[in-house]
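Provided below are the primary sequence and the corresponding predicted coordinates.
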Amino acid sequence: MKRRVLFVCTGNSIRSQMAEALLREMAGERFEVVSAGTHPSGLHPAAVATMREVGIDISGRRSRAVTVLAGEPFDHVVTVCDRAREICPAFPGAARRHWSVADPTLSRAGGRERATAFRLVREDLADRIRRFLAEVDARTDVPGPAV
């Protein structure tokens, strides 16, 4: 049975969408992954462009409210911004994690510097997901009884 992972941020427009796509790409069919926002605001075009740079297309994704997922079972709920951590609803039975990932839209820069801010977020999320996968794999890679 696939483990279910939910990524939550405020707008479900950048960080949670990137995390969802990255985990899907990195873990293949091992997980069922979704993302949502506490106040969905629509997919950010720079997030689409940043993911496209690494061959991942999120252009067809839409922001959704975390409240529509209430009552659904998850193995892991990961908040990727501080505001979402404060107001994310409870998902009983889910292991909760918090990753304080920078908001690339707070960069006052434009052009190349803003694109760099989005790339840094993508790489930060990819690093965190690699560590998450290693940790989850270590927990489930317990040898069975000797035959």
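Yes, it's here.

need the per-residue pLDDT for the nearest residue to Ser107 once chain neighbours are set aside.
Nearest non-adjacent residue to Ser107, counting by CB to CB, 6 or more residues apart in numbering: Ala117, 4.1 Å away. In short, each C-beta sits where N, CA and C put it, glycine included. Turning to Ala117, the model gives it a pLDDT of 94.

and for Thr140?
Predicted confidence (pLDDT) for Thr140: 68.

same thing with Leu106?
pLDDT, Leu106: 86.

would you mind measuring from Glu53 to Gly111?
The gap separating Glu53 from Gly111 is 15 Å, by CB to CB, to the nearest Å.

so what does the longest helix anywhere in the chain touch, helix or strand wise?
Longest helix in the chain by number of residues (criterion: DSSP state H): helix 111-140. In this structure, helix 111-140 packs against helix 15-27, helix 45-52, strand 76-79, with contacts taken as 3 or more CB pairs under 8 Å, 6 or more residues apart in numbering; DSSP states H and E.

other residues contacting the shortest one?
Outside strand 76-79, the residues that touch it by CB atoms under 8 Å, 6 or more residues apart in numbering are 3-9, 19, 85, 88, 91, 94-99, 132, 136.

ok so, going back, surely the residue nearest to Ser107 touches Pro104?
Yes: the criterion here is CB atoms under 8 Å, and Ala117 meets it with Pro104 at 3.9 Å.

neighbour count: these two, which is higher?
Pro104 (23 against 20; other CB atoms under 10 Å).
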